[in-house]
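In: missing the sequence, but the structure's below:
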């Protein structure tokens, strides 16, 4: 009995074994290509649930035990009021440069210019979490009638650092059909 307890303690405390078991048990490593709004696709974990509820702009929200994913988009002529006039910005970022450890880099995803950010934050409601965020400041988005230039933003939130690679895979899987 004593050997069994020691064995279980060693197995459960081993970082490689416990991480691998938890990652497989929540299905987070199996990504399936989905087409949430009919004009772009991305790979999402198989155990993800789409959330309903009000959003200020066109977009969507998904949630699993490990991740929260949300995206929003608009054409330039439909830019939300809170981003017009004196509040206008050429680049909408999720992470403040004041946040410790914020990494911001420019890249290309699916042939479109993108800005990717990685950071972490703590708030009263959700506690500590990591962010992997991408914004496309000029990409063709579908406004219900036709494709027009606009912005597209996608955020992946996660509480455990081991999901950083998964978040990157989700962001890099974006495929715009225009």
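Out: Ah, there it is. Everything quoted here is computed from the prediction, not taken from an experiment.

In: which residues of this protein score low on pLDDT?
Out: 1-29, 53-57, 81-90, 99-100, 178 (pLDDT under 70).

In: in the protein, which spans are strands?
Out: 31-34, 40-45, 49-51, 58-63, 67-75, 103-109, 112-123, 127-142, 147-158, 175-176 (DSSP state E).

In: of those strands, which approaches residue 165 most closely?
Out: Nearest to residue 165 among those is strand 127-142 (9.7 Å), distances taken as CB to CB. Where you see a C-beta, it was placed from the backbone N, CA and C, and this is true even at glycine.

In: what residues sit buried inside the closest one?
Out: 129-137, 139-142 (16 or more other CB atoms under 10 Å).

In: any chance of the residues you listed in TSV, plus distance to residue 75?
Out: Formatted as TSV, these follow (distance: CB to CB, whole Å):
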residue	distance to residue 75
129	30
130	30
131	25
132	25
133	21
134	18
135	15
136	13
137	13
139	10
140	9
141	6
142	9
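
In: relative to residue 155, which of these is nearest.
Out: After measuring these against residue 155 - CB to CB - the closest member comes out as residue 133, at 4.8 Å.

In: ok, that closest one - contacts?
Out: The contact partners of residue 133, by CB atoms under 8 Å, 6 or more residues apart in numbering, come to 93-95, 116-119, 153-156.

In: what two of the buried residues of strand 127-142 have the greatest distance between them?
Out: Pairwise over these, using CB to CB, the maximum falls at 129 and 140, 31.0 Å.

In: spatially speaking, which residue is in the middle of the chain?
Out: residue 156 (2.0 Å; CA atoms, centre = their mean).

In: look up how far residue 103 lies from that residue.
Out: Distance of residue 156 to residue 103, computed by CB to CB, to the nearest Å: 14 Å.

In: make CSV from the strands of the chain and add distance to residue 165 to it.
Out: What follows is these, written out as CSV (distance: least, CB to CB, whole Å):
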stretch, distance to residue 165
strand 31-34, 11
strand 40-45, 13
strand 49-51, 22
strand 58-63, 18
strand 67-75, 12
strand 103-109, 15
strand 112-123, 12
strand 127-142, 10
strand 147-158, 10
strand 175-176, 19
